[in-house]
Structures are given as C-alpha cells and as structure tokens.
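>>> Mind folding the following:
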Amino acid sequence: MAWSANTIAWAAIALVLIAAETFIPGAFLLWMGIAAAVVWLVVLLFPGLGLLVQVVLFAALSVVAVLAYLKWGRRRERPSDRPLLNRRAEQMVGREVALDRAIVGGRGRVKLDDAYWEVSGPELEAGQRVRVIGANGMVLEVREAG
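Next comes the predicted model:
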C-alpha cells in the first residue's frame with residue numbers, strides 16, 4: 001500500500017467534499033465525499049488502477065450514494081411542525097377578507113394583515129367578502145364567501 005499522487009488526490013477530494021457539506025448543507029456533497037473516500041480506499045488497495053477506471057468508479061458510487069440517500073435517508077427526517085413556514089401565500093388559504101379592489105378580468109386585490117395581495121377569481125365588486133381557496137405563486141385564488 002503505497003501513497004501515490006492518486007491516493008493523495010482522492011483523499012483530498014473526499015476531505016474537501018465532506019468539509020464543503022458543512023458550508024453548503026443539503027446532504028449531497030457528503031455522499032459524494034463518501035464515494036471519493038471509497039475510491040481512495042480502492043486506489044490504496046489496488047495502486048495499478050487506471051485514472052479512467054477511478055473516475056468512472058467515483059461517478060458510479062456518487063450516483064448510487066445520492067440515490068440511496070434520496071430513497072431511504074429522507075424517510076427518516078422528522079416532519080416539520082410548521083410545514084407552511086416559508087409558504088406565506090399558502091398560509092392564507094381558508095381566510096375570509098373583503099376585496100380591496102374589485103376583481104375585473106379575473107384579477108383584483110385584497111389586504112391581509114399588513115400586506116396587499118393580488119387575487120384571481122370571478123368578477124366581484126370591491127368590498128365584497130371572499131374566501132381564499134388556493135395560491136398560485138404569489139397570487140391568491142378566491143371565491144365569494146358565503
């Protein structure tokens with residue numbers, strides 16, 4: 001087991017990828033780093049392995065490791081106690097409010113809390129009560145309340 005340029009390179013790649021995971025979280029680089037560590041061990045045990053074989057082995061192990069994480073690893077994650085935390089428009093579904101601006105041509109406006117929201121829905125007059133039934137991006141879908 002001799003330390004060659006290839007073994008040092010794969011050890012460095014593994015360390016860099018695993019360390020990068022701490023700065024760019026997402027559980028993606030970690031698995032690529034583990035794949036690089038496996039290639040490092042293989043190159044350490046079989047020093048005559050060609051560079052092309054090493055790169056193909058790394059690519060294959062990276063794909064397998066990331067896919068395995070996506071299939072089995074994510075199941076173990078805790079469900080969020082606030083799944084709509086960063087989905088502000090979806091948080092408005094179910095609320096009733098008066099139209100601030102009439103819906104003309106399918107578009108209008110409401111004021112919810114401290115913000116004005118564009119709405120889409122049937123033609124309705126300003127001041128009429130509507131219920132938010134959905135969200136399409138940052139546009140709330142409404143229907144007449146009642």
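>>> quick one: contacts for residue 99?
Contact partners of residue 99, counting by C-beta atoms under 8 Å, 6 or more residues apart in numbering, are 108, 109, 110, 119, 124, 125, 126, 127, 128, 129, 130. Yep, even glycine has a C-beta here, placed from its N, CA and C like the rest.
>>> Please indicate which of these are buried?
The neighbour count (16 or more other C-beta atoms under 10 Å) marks 108, 110, 119, 124, 130 as buried among those.
>>> Show me which pair in the residues you listed is furthest apart.
Using C-beta to C-beta, the buried ones among the contacts of residue 99 span at most 10.6 Å, a distance reached by 110 and 124.
>>> hey, what's in contact with both of these two?
Applying C-beta under 8 Å, 6+ apart, one finds that residue 110 and residue 124 are jointly contacted by 99, 130.
>>> low pLDDT regions in the protein?
Along the chain, the parts satisfying pLDDT under 70 run over 1-2, 27, 74-77, 84.
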